[in-house]
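1. coords below, sequence missing:
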C-alpha cells in the first residue's frame, strides 16, 4: 500500500458471496413421532444467501528498537448482508509486539456474529400435547420433567390480579393438559447471535533452547442474543409470580383460550434469549530434537491444552445463570442435547520425522465432568490414543494412514443426564476408526 519507516503497510480488500440451501424429508417414524427418541420432524425446504465486503490492514509501527524488535497493528472490518436476517458489521483490532527474539506479546479485540442456520429460521412448527410435560398426567414422559409445572393461576401461586387480567379460571379448577399444545420449531424473525472476545497472549522461543517454543493465551468470550427457548414453566413463573405485569413480554409465550381461560398453547420456538460467557487459557508447547543416530530423523514433542476458568449460560432472563464449567448435560445446551463442557482438555503427541516419512502417536484427554443438575454424578476423565503415518512417495504422490481411538475405547454412559442414545456429545461413539488417503498432484 505504502511505506513507513518500520516497513510497508499491507492492505487487502475482498468480497464474498455465499448461498446455502437445505431440504429435509423425514421418514414415517419421524413424521409420526414414533422414532426411538420420540421426536417428530417434518418437511423443510429453505435457503438463504449472503454478501460480505471486508478490508484488512497491517501497519508496522516500530522495528529493531530497544524492547521493540517489532511492533505492529492490525485491523479488519467486515460488512455483511444476509437475505434471511439482519447482520451487524464486525471488526478486529490487534497488537503484535516482539520485545526481542525470545518474547512476543499479542493482544486482540474482535466482534463476531453467527447467522441463524436453516433449521433455526425455517424449521416447521411441531406440536406436541402439553400432557407429555405435565407430571400430573398419565401421559407424562419423565425425561421432559421441569418444562411445565402447572398453571400458577389454578394452583393459587400466581398473582390474583394478573390471573384475572388474562382471564384465567378460579383457583382449584381442574385442567386437562391434553387439550393444550406444546409447540416448537424455527422462527423467521430470529436474529444473529452476537459475540465479543478479548485475547492476550505471550509466545516464548528461548534462544538458549533450540527447537523449543511455548505460548500462553488468555481469552474471554461473551455471546448475547444466543438462540434459546423459554419453557412454559419459566414463562408462567415470570408472568404470574416474579413479574406480574400485563406488559411482561413472556406472558405471550403461553396463550390462553379466550373462551375458557385455560392454557391452550405453549410456544417454545427459537428466540434470541440466552447469554453465554467463557474464559480460559490455551497452552501450546513444542520441542524438536534430533533422534538417536541409529534411528535417524528428528523427534517432535507437542502439547496443546485448554483450561477453562469460567463458563456460564443464562437461557433467558427469567432463569438464573448456570455454572457450566466442568459439566455435562442439557442444562447448558438445548432440550434434547446432552453436551460436554469439560474444564480441561489436551492433546499431546510425539512425532518421528524422517526425510520422506512421519509417524505420530497422539494422546487425547478429556477431564472429569459433573452432571450440571446434580454434581454428585460424574464422568471420569477419558483418554484416547491415536496413530498417524505419512509417506511422501515422490514429488507427486503422498500416502496418509491414521487410526483414531487406537484402543477402541467405548464412550461413557452415565446413569443420568445422557442424551437419547445414552451418551454425551464429544466422546468417541464409533470406537476405533481407520482411514487411508492418497494425494496425487501431477506436475505437468
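-> Okay, I see it. No experiment lies behind these values; they were computed from the predicted model shown. Residues are numbered from 1 along each chain as shown.
2. list the buried ones in the strand or helix carrying residue 274?
-> Under the criterion of DSSP states H and E, residue 274 resides in strand 271-290. Under the neighbour-count criterion of 16 or more other CB atoms under 10 Å, strand 271-290 has 271-280, 284-286 buried. To be clear about C-beta, it is placed using only N, CA and C from the backbone, and glycine gets the same treatment.
3. and for stretch 106-126?
-> 106, 108, 112-113, 115-123, 126.
4. how about residue 435: what's its closest non-neighbour residue?
-> residue 402 (5.0 Å; CB to CB, 6 or more residues apart in numbering).
5. report pLDDT for that neighbour.
-> If you check residue 402, the pLDDT there is 97.
6. for the helix or strand encompassing it, packing partners?
-> If you go by DSSP H and E, residue 402 is part of strand 397-404. Identification of packing neighbours for strand 397-404 by 3 or more CB pairs under 8 Å, 6 or more residues apart in numbering; DSSP states H and E yields strand 382-392, strand 433-440.
7. now the helices for the stretch 1-150 of the chain?
-> Listed in chain order, the helices of the stretch 1-150 of the chain (DSSP state H, counting those that start in this stretch) span residues 28-32, 118-122.
8. for the nearest residue to residue 176 once chain neighbours are set aside, give me its contacts.
-> Nearest residue to residue 176, sequence neighbours excluded (CB to CB, 6+ apart): residue 131, at 7.8 Å. By CB atoms under 8 Å, 6 or more residues apart in numbering, the contact set of residue 131 is 137, 139-140, 176-178, 180.
9. any chance of the residues you listed in TSV, with neighbour count and distance to residue 338 too?
-> Formatted as TSV, those follow (neighbours: other CB atoms under 10 Å; distance: CB to CB, whole Å):
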residue	neighbour count	distance to residue 338
137	16	25
139	12	24
140	15	20
176	11	32
177	24	26
178	14	28
180	25	27
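10. inside strands: which ones of these?
-> Of the contacts of residue 131, none are assigned to strands by DSSP state E.
11. ok, back up a step: could you redo the helices of the stretch 1-150 of the chain as CSV and give each row mean pLDDT and distance to residue 300?
-> Putting those into CSV (pLDDT from 0 to 100; distance: least, CB to CB, whole Å) gives the following:
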stretch, mean pLDDT, distance to residue 300
helix 28-32, 70, 48
helix 118-122, 85, 42
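12. hmm, residue 388 is touching residue 360, no?
-> Yes. Using CB atoms under 8 Å, residue 388 is in contact with residue 360, at 4.6 Å.
13. hey, where'd the strands end up in the stretch 151-300 of the chain?
-> For the stretch 151-300 of the chain, the strands defined by DSSP state E, counting those that start in this stretch cover 181-184, 193-204, 212-228, 254-256, 263-267, 271-290, 298-314.
14. select from those strands the stretch with the lowest mean pLDDT.
-> Looking at the strands of the stretch 151-300 of the chain, the bottom one is strand 181-184 with a mean of 90.
15. buried stuff in it?
-> Buried-residue list, strand 181-184, by 16+ other CB under 10 Å: 181-182, 184.
16. run a quick neighbour tally on residue 69.
-> 17 (other CB atoms under 10 Å).
17. again with residue 154
-> Using other CB under 10 Å, residue 154 has 20 neighbouring residues.
18. brilliant, that's me finished.
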